[in-house]
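Participant: give me the fold of what follows.
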Amino acid sequence: MDNHLRFMLKTYEGITRDKGADSGPAMRLEASICPYISQQNGGIMGQQVAKSNGWPIDVDFDQLTDRVILLMDSLTQLVFKDGLRSQNVVQQQFDQRLRGLRLSRSKFSSLPKGKIPMDLADDSRPG
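Facilitator: Below you'll find the model as predicted:
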């Protein structure tokens, strides 16, 4: 058990002893303890998955760029050649819109900026 959880539980114990389990402060603290435990368990599960896949548990962001460059070929393969892009819902919708406009991706990519249909451009913005 980590120190933060230990502190929360001790505080909860004191509040319930002094004010009762049905008091507002006890109920608010109880409502924050459960998600905290779930979050911690999720982190532990994530660490186990990372370890089993040989992924780093603590990311050194200073070395992240170098790591991506080392993995560039396999990342390119994964994203562009092995079907991940074709399984992406947003990409599927975009491709459907292109087909509706009788445009291929290559034809679309060669359109000058002012010639891109506005409804397609509006629909293509993230968010």
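
Participant: which element is the most far-flung residue of the chain relative to its centre on?
Facilitator: Distance to the chain centre peaks in the chain at D18, reaching 41.2 Å (criterion: Cα atoms, centre = their mean). Secondary-structure element containing D18, defined by DSSP states H and E: helix 3-19.

Participant: buried ones in that helix?
Facilitator: Neighbour-count burial for helix 3-19, counted by 16 or more other Cβ atoms under 10 Å, picks out M8, Y12, I15, T16. No exception for glycine: its C-beta is placed from N, CA and C like everyone else's.

Participant: and the next element down the chain from the helix or strand of the chain with the lowest mean pLDDT?
Facilitator: Across the helices and strands of the chain, mean pLDDT, DSSP states H and E gives its lowest value to helix 84-87, namely a mean of 62. Once helix 84-87 ends, the next helix or strand along the chain (criterion: DSSP H and E) is helix 89-100.

Participant: give me the helices and strands touching the helix holding D18, please.
Facilitator: helix 24-53 (3 or more Cβ pairs under 8 Å, 6 or more residues apart in numbering; DSSP states H and E).

Participant: list phi and psi for D66.
Facilitator: As for D66, its main-chain torsions (degrees, to the nearest 10) stand at phi -60, psi -40.

Participant: and S110, by the same measure?
Facilitator: S110 has phi and psi values of phi -100, psi 0 when expressed as degrees, to the nearest 10.

Participant: likewise for P112?
Facilitator: phi -70, psi 160.

Participant: same check, this time on I116
Facilitator: According to degrees, to the nearest 10, I116 has phi -70, psi 130.

Participant: now do it against S110, distance only.
Facilitator: Distance from I116 to S110, counting by Cβ to Cβ, to the nearest Å: 11 Å.

Participant: having no further points to raise, I will conclude here.
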